[in-house]
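**Q** sequence unknown, structure follows:
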């Protein structure tokens, strides 16, 4: 790894500050600095709502006597089908997981399709069947939907938006504002697998072992964590676009804390590590789906780790770092050779259209 | 008007049953027969949920002690800016109105953007500002969002999904299942204005009077209706794609009733009627946004009409028809020259990408 790994994969999409861009760049959708700037300079000032300003994966809303989580995601992944999933299962997992990261029990999804004229109906049926199966597995119901069609050439077969509603139980307090120095950062398994699986099929790369996306719904794993840690579970985040690095940077900035990561403890599957080396990618910046970072009070760390490991989606769970009051707003990585470096938010666009 | 006006505007997009299509047609997104078949043959069997099967504008959900409405819509309108609005205001009005049609008080919106690489940021800012203004006017908050970027050429600048959550007060019972023979059908004003305004700017048509979209949020108008009619307000529908004709056909089929419309009582502004004649379009099939059809018990019809007319968005409100137990599942129109004909659901695609 270099000293500034976020630049290694930038390629054609060289980032500049938003204010110097006149037009949308691929990196505005990459989950890194330009996405952050678009949020900060365009969306937050216009919509001016404290829930948006929390920059969490979804909004927490009080509706009458109920506390709800509400979230949305549009999916534009290419290719539509990949080892381990497709745009349909991904659209369910992504929104279910965003609800989970709010500490909510996911209940209901919407599904809205933008179809390209000429798209094969058989493919659409396959995607819809996959969504239905993923929704059943995640114990959520698709209850409302919409379909639009755009002209041939003005789409990529299908784009899918899912939005979701979940219920937050009393006493749950998850958000950047609850993160404290001394808290421990966990992850439920090997990172970068989803992103590298998509990348390898898109680029036609062949490895000895086929790389399969680990995209999954995390409702029951998060349920076990909540049962074990209760309100000592301070923060959850699925490190999708921009990877674990960008998720940690965003948390450090929003919560005003420092985060120390230990590279040796961050699990990466060997074939994924090999593919990353081949492609010149830092796994810390590769997108995930089916991974949750959890920040828990130190006295609960062992129990939380154990709860994760007892779940099928957490067998390779690990403690990967800690929250500190040193270097607030910054993420520092202790590398596998013992050096330390500052981890920056993804500054370009590593793998466009990964979700 | 001809005997089968739904065919008059079909043009290039000749409809066939879904089962004979291998690929997505523009008409699959047109709100007419092919949209209906896609729903019936693909989405309903896969997702298998009673709220979807109700085919209303949104889902009614019980979450703990609260009754919620939840709805979603993606917006792909061309052009992005048109007289009277833009894709941003339309995306707010469309979802707010779908919540209103469930009898809900709209509360929260999500906003998800699919941006095309190279889209001017200044245009995006203008659209976001318009959304924010429309949301403030409708007294809803945008609380969560998402942004994706697709490659140049794989979009049309921006597609927007808005989903919405609203609260349904106790005692409100709005849905096709409550519609009864004898009920009266009202509308809050002149139809077809939105569709013709978009069509005229898209086709570069010039009329003596500029045609301006009447797109608007209907929360306060529906609030007044609910205050006046309570649970005697049986059904609400915004006749968007497919127009008043298709909305009535869908209601007749879902509720198993007949509907009798009186063409002389259906308000159409003179310039819109003129444009329709010029373009060979039947206003009954032209998309609306900002119009609500209300079905009320006969004893409340006068009061409901008065309540609409007292509202700025209902000055030209009218009784346009009635529900009957004759000809169940069918809509019959008594024309301005005294003949009657059966009204079919839009069978092709009249004005693609109107919302």
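**A** Happy to help now that I have it. Here the structure is a predicted model, which is why all the values come from computation and not from measurement.
**Q** from the chain's centre, how far out does stretch A:42-54 sit?
**A** 20 Å (Cα atoms, centre = their mean, to the nearest Å).
**Q** and that stretch, how far apart are its ends?
**A** 15 Å (Cα to Cα, to the nearest Å).
**Q** check whether that stretch comes near chain B.
**A** Yes: counting by Cβ under 8 Å from any Cβ of the partner chain, contacts between stretch A:42-54 and chain B involve A:42, A:43, A:46, A:47, A:48, A:49, A:51, A:52. C-betas here are computed from N, CA, C, even on glycine.
**Q** next, the residue in the stretch 251-355 of chain A that chain B sits nearest to: secondary structure please.
**A** Nearest to chain B in the stretch 251-355 of chain A, going by Cβ to the nearest Cβ, is residue A:353, at a distance of 6.8 Å. Of the three states, residue A:353 takes coil under DSSP: H, G, I helix; E, B strand; the rest coil.
**Q** now swap in residue A:71 and tell me
**A** Using three-state DSSP, the structure places residue A:71 in strand.
**Q** can you name the two of the residues of stretch A:42-54 next to chain B that sit furthest apart?
**A** The most widely separated members of the residues of stretch A:42-54 next to chain B, counting by Cβ to Cβ, are A:42 and A:51 (17.0 Å).
**Q** so the strand ranked longest in chain A versus strand B:104-116, what angle?
**A** Counting residues, the longest strand found in chain A (DSSP state E) is strand A:104-116. Per axes from the mean of the first three to the mean of the last three Cα atoms, to 10 degrees, the angle that strand A:104-116 makes with strand B:104-116 is 50 degrees.
**Q** strand partners (parallel or antiparallel) of strand A:104-116?
**A** strand A:141-150 (parallel), strand A:158-168 (antiparallel) (DSSP bridges).
**Q** determine which stretch of those strands is the most buried.
**A** Ranked by mean neighbour count, these are led by strand A:158-168 with a mean of 27 (mean count of other Cβ atoms under 10 Å in any protein chain shown).
**Q** tell me the domain boundaries of chain A?
**A** A:59-168, A:176-343 (automatic domain parsing).
**Q** right, so of the ones you listed, which gets closest to residue B:148?
**A** Smallest distance to residue B:148 across the domains of chain A (Cβ to Cβ): 4.7 Å, for domain A:59-168.
**Q** distance between that closest one and the chain's centre?
**A** On Cα atoms, centre = their mean, the centre of domain A:59-168 falls 15 Å from that of its chain.
**Q** first-to-last residue distance for that domain?
**A** Start-to-end span of domain A:59-168 (Cα to Cα) is 11 Å.
**Q** circling back: so which of the residues of stretch A:42-54 next to chain B belong to helices?
**A** A:46, A:47, A:51, A:52 (DSSP state H).
**Q** report the buried members of the residues you listed.
**A** A:46, A:47, A:51, A:52 (16 or more other Cβ atoms under 10 Å in any protein chain shown).
**Q** wait, doesn't the first one sit right on residue B:126?
**A** Read that as residue A:46. No: using Cβ atoms under 8 Å, residue A:46 makes no contact with residue B:126, being 10.4 Å away.
**Q** mind listing the strands for the stretch 151-300 of chain A?
**A** For the stretch 151-300 of chain A, the strands defined by DSSP state E, counting those that start in this stretch occupy A:158-168, A:184-187, A:233-237, A:258-262, A:293-296.
**Q** dump those into TSV; add mean pLDDT as well.
**A** Output for the strands of the stretch 151-300 of chain A, formatted as TSV (pLDDT from 0 to 100):
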stretch	mean pLDDT
strand A:158-168	98
strand A:184-187	98
strand A:233-237	97
strand A:258-262	98
strand A:293-296	98
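**Q** leaving out chain neighbours, which residue sits closest to residue A:266?
**A** Distance criterion Cβ to Cβ, 6 or more residues apart in numbering or on different chains; nearest residue to residue A:266, sequence neighbours excluded, is residue A:320 at 4.9 Å.
**Q** where does the one you found land in three-state SS?
**A** Residue A:320 is classified as strand under three-state DSSP.
**Q** from residue A:248, how far out is it?
**A** Remark: distance between residue A:320 and residue A:248 (Cβ to Cβ, to the nearest Å) = 9 Å.
**Q** check residue A:75 too.
**A** Remark: distance between residue A:75 and residue A:248 (Cβ to Cβ) = 24 Å.
**Q** now swap in residue A:340 and tell me
**A** Residue A:340 is 14 Å from residue A:248, where distance means Cβ to Cβ.
**Q** could you do residue A:55 as well?
**A** Residue A:55 is 13 Å from residue A:248, by Cβ to Cβ.
**Q** for the residue lying farthest from the centre of chain A, what are its contacts?
**A** Distance from the C-alpha centroid of chain A peaks at residue A:118, with 31.5 Å (Cα atoms, centre = their mean). Neighbour list for residue A:118: A:152, B:23, B:24 [criterion: Cβ atoms under 8 Å, 6 or more residues apart in numbering or on different chains].
**Q** can you lay out the residues you listed as a markdown table showing neighbour count?
**A** What follows is the contacts of residue A:118, written out as a markdown table (neighbours: other Cβ atoms under 10 Å in any protein chain shown):
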| residue | neighbour count |
| --- | --- |
| A:152 | 13 |
| B:23 | 16 |
| B:24 | 27 |
